[in-house]
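Undergrad: my questions concern the predicted model and sequence given below.
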Amino acid sequence: MRYKFGILVDSYSLKLWQFMSIKMLLDAGHEIRLVVLNSKKKKFSLRISTFLFFVYKALFGKSEQQTKKDIGQLIKNCQIITCTTNKKGKFSEFFSSTDVVTIKSEQLDFMLRFGFGIIRGDILNATKYGIWSFHHGDEQKYRGGPYCFWEIYNNEPITCAILQRLTDKLDGGIVLKKGYFKTISHSFALNINQALELSSQWPAQLCREMSNSSFRFPSESSKTNAKIYLLPSNMEMLDFIWKILKNKLKNSYITYLTYDAWHVGYINKPIEEVIKSPIRNSDVKWLKHSSPKYFLADPFLFCLEEQLLLALEYLPYKGFKGEIKAFSGTQFGEEAIEYSINEKYHLSYPNFFVDGNKTYCLPESYESGKLFIYEKKSNKWHKHLVIDNIKCIDPDIIFHEGYYYLFTTLKGDKHDTKLHVFYSKELLRGWQPHLLNPVVTDIRTARGAGKIFTENNKLYRPGQNYSIYKEGSITISKINQLSPTEYKEEIVSHLDPIVDSSYSDKIHTINGCEGITVIDACKMKSLILRPDILYHIVKSKI
């Protein structure tokens with residue numbers, strides 16, 4: 001469906017993220033019909049008490065998404081009107097009845113607010129779906145501004161953004177889209193950049209949702225009593241600068257002078273039971289296969305010919321190229337060589353599954369730039385090219401109500417934050433992207449952390465939570481809607497690292513089969529004590 005929209009602006013020079021938001025709508029076939037230009041020029045006032053903030057922002061807070069870009073090429077054929085608002089009270093701006101009538105006459109579906117101030121009154125209902133406005137912050141915690149700043153100052157692990165339909169109630173808009181991003185605590189500019197860039201896609205994405213006949217426009221206003229933040233004082237800025245410096249040092253140390261030592265264990269309980277309470281070291285039987293030369297991660301269980309097999313990623317620190325190994329027998333002590341897979345490129349996340357009477361493995365193989373499914377034939381693996389020119393991270397496939405669904409994040413496209421879904425009537429061909437991709441924008445859940453499983457006829461999806469550490473913990477989400485045109489999920493539980501174990505820092509994969517659950521866990525160790533692998537680890541991170 002093609003929608004007609006307008007924009008509210010202070011000038012023809014917008015920020016890059018605003019320019020791209022409009023361009024994505026136009027590229028999707030929607031039509032910009034009206035530009036409403038503010039006749040009033042914004043006045044900039046500088047106070048001595050907040051002087052340091054503006055100095056810091058000018059020197060270190062410049063974000064690529066905030067660079068200016070002229071929108072002349074985007075608005076060549078649309079009507080432009082200049083409006084003067086009437087200010088009432090301290091902040092509220094009202095449009096004249098004449099201007100409201102003019103805007104209504106264009107019969108727009110919605111307008112995007114990229115200018116003016118806090119607008120109220122009849123203008124809010126001048127289009128079919130109202131006026132859409134961005135707020136870069138969690139409306140339940142942060143009102144006011146500057147955006148993406150106080151999250152760093154307050155050591156928040158997550159920075160949010162929302163797209164809302166404005167209402168007459170201040171800070172009581174109707175939330176249309178919401179995203180959760182890892183706070184980039186060592187860079188104000190980068191934290192701003194990611195929030196602006198990722199949220200700029202939402203108007204076009206929302207229009208795709210609206211084209212679905214089953215879509216229902218949200219109607220409930222947000223309710224918040226969050227603190228209203230103002231510009232930081234000079235003393236607060238000195239504290240902020242100190243925090244940025246500390247966070248930069250911490251980030252550099254973790255990135256270049258630590259490495260992850262992963263290991264795999266199993267629990268003699270079904271996964272449905274394990275996810276409901278914290279995991280303790282006494283619950284876990286750790287594999288005996290271990291060495292300082294490699295790590296084991298990404299465990300999957302599968303049952304074949306009445307035999308329970310454990311498949312996992314085996315990754316030597318030297319070379320840093322993963323391969324798939326499988327184990328069977330008591331305490332998974334015997335290597336099942338016939339189920340191993342090794343390629344010239346990195347493999348991990350050995351997602352074994354059975355479809356019909358055939359056994360398959362869907363590993364992560366993003367370094368190949370393709371998605372392969374391996375089929376077991378006569379004790380040999382036969383490789384099927386399923387999707388070309390794609391870099392899937394931790395993929396999973398399920399069959400649901402007549403369709404196969406592929407869940408994955410994509411390397412190079414915020415694979416820690418954006419979940420993509422594809423669907424097909426056939427397992428090995430015909431895959432199409434989901435209408436709502438990315439179906440999830442959430443640092444806490446997007447990347448897969450194991451196979452989707454069923455409990456009481458409900459689908460549950462394990463996801464990796466990156467909000468504290470990369471691959472730090474696991475979130476379980478219940479899938480409430482899944483079809484080629486619909487997707488909704490909600491977080492229902494969380495698994496933290498096993499703090500009383502030798503691998504107490506992270507946990508990032510969980511799978512279950514035949515009443516047994518497998519997990520992996522990690523200890524972050526210092527590279528200073530491992531000169532033998534330092535070069536290989538640092539090379540893999542650059």
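TA: That came in fine, so what should we check first?

Undergrad: and the pLDDT for the closest residue to C392 other than its chain neighbours?
TA: Nearest residue to C392, sequence neighbours excluded (CB to CB, 6 or more residues apart in numbering): T408, at 4.2 Å. To be clear about C-beta, it is placed using only N, CA and C from the backbone, and glycine gets the same treatment. On the pLDDT scale, T408 is placed at 98.

Undergrad: next one: phi and psi at F19?
TA: phi -60, psi -50 (degrees, to the nearest 10).

Undergrad: actually, T102.
TA: phi -60, psi -40.

Undergrad: sorry, back to before: if the residue nearest to C392 is in a bridge, with which residues?
TA: Counting by DSSP bridges, T408 is bridged to H420.

Undergrad: any idea how many residues pack against it?
TA: A total of 26 residues lie near T408 under the criterion other CB atoms under 10 Å.

Undergrad: check contacts around it.
TA: Applying CB atoms under 8 Å, 6 or more residues apart in numbering, one finds that T408 lies in contact with 371, 392-396, 419-422, 448.

Undergrad: with I174 instead?
TA: Contacts of I174 by CB under 8 Å, 6+ apart are 130, 164-165, 167, 218-222.

Undergrad: if we go to 6 Å?
TA: 164-165, 218, 221 (CB atoms under 6 Å, 6 or more residues apart in numbering).

Undergrad: still on that earlier bit, so which pair among the contacts of T408 is furthest apart in space?
TA: The most widely separated members of these, counting by CB to CB, are L371 and L419 (15.6 Å).

Undergrad: per-domain residue ranges of this structure.
TA: Domains of the chain are assigned by automatic domain parsing as 4-232, 252-541.

Undergrad: figure out how far the longest one is from the centre of its chain.
TA: It refers to domain 252-541. 17 Å (CA atoms, centre = their mean, to the nearest Å).

Undergrad: what's the answer for the first one, then?
TA: Centre-to-centre, domain 4-232 and its host chain are 21 Å apart (CA atoms, centre = their mean).

Undergrad: measure that domain end to end?
TA: Terminal residues of domain 4-232 lie 40 Å apart, using CA to CA, to the nearest Å.

Undergrad: returning to that earlier point: against Y253, how distant is the residue nearest to C392?
TA: 31 Å (CB to CB, to the nearest Å).

Undergrad: same question, K43
TA: 44 Å.

Undergrad: who has more neighbours out of these two?
TA: Y253 (13 against 5).

Undergrad: I'd like the next helix or strand past the strand or helix carrying the more buried one.
TA: Assigned by DSSP states H and E, Y253 belongs to helix 234-257. Next helix or strand after helix 234-257 toward the C-terminus (DSSP H and E): strand 258-267.

Undergrad: run through who's touching that following strand.
TA: If you take CB under 6 Å, 6+ apart as the criterion, strand 258-267 is touched by 274, 283-287, 295-297, 299, 312, 503, 516-520, 522-525, 527, 537.

Undergrad: what about S282, which SS state?
TA: Secondary structure, DSSP: H, G, I helix; E, B strand; the rest coil: S282 is helix.

Undergrad: contacts only, for G463.
TA: 445, 449, 475, 477.

Undergrad: closest to Q307 out of these?
TA: A449 (25.4 Å).

Undergrad: these two touch, right, that closest one and Q464?
TA: Yes. Here A449 lies in contact with Q464, judged by CB atoms under 6 Å, at a distance of 4.6 Å.

Undergrad: shared neighbours of the two, anything?
TA: Contacts common to A449 and Q464, judged by CB under 6 Å, 6+ apart, are H508.

Undergrad: phi, psi of the residue in the chain sticking out farthest from the centre?
TA: In the chain, the residue that sits farthest from the middle, by CA atoms, centre = their mean, is T98; the gap is 43.1 Å. Here is the backbone geometry of T98 (degrees, to the nearest 10): phi -60, psi -50.

Undergrad: with the one 5 residues further on instead?
TA: The main-chain torsion angles of I103 are listed as degrees, to the nearest 10 and equal phi -70, psi -40.

Undergrad: do the same with I192
TA: According to degrees, to the nearest 10, I192 has phi -60, psi -50.
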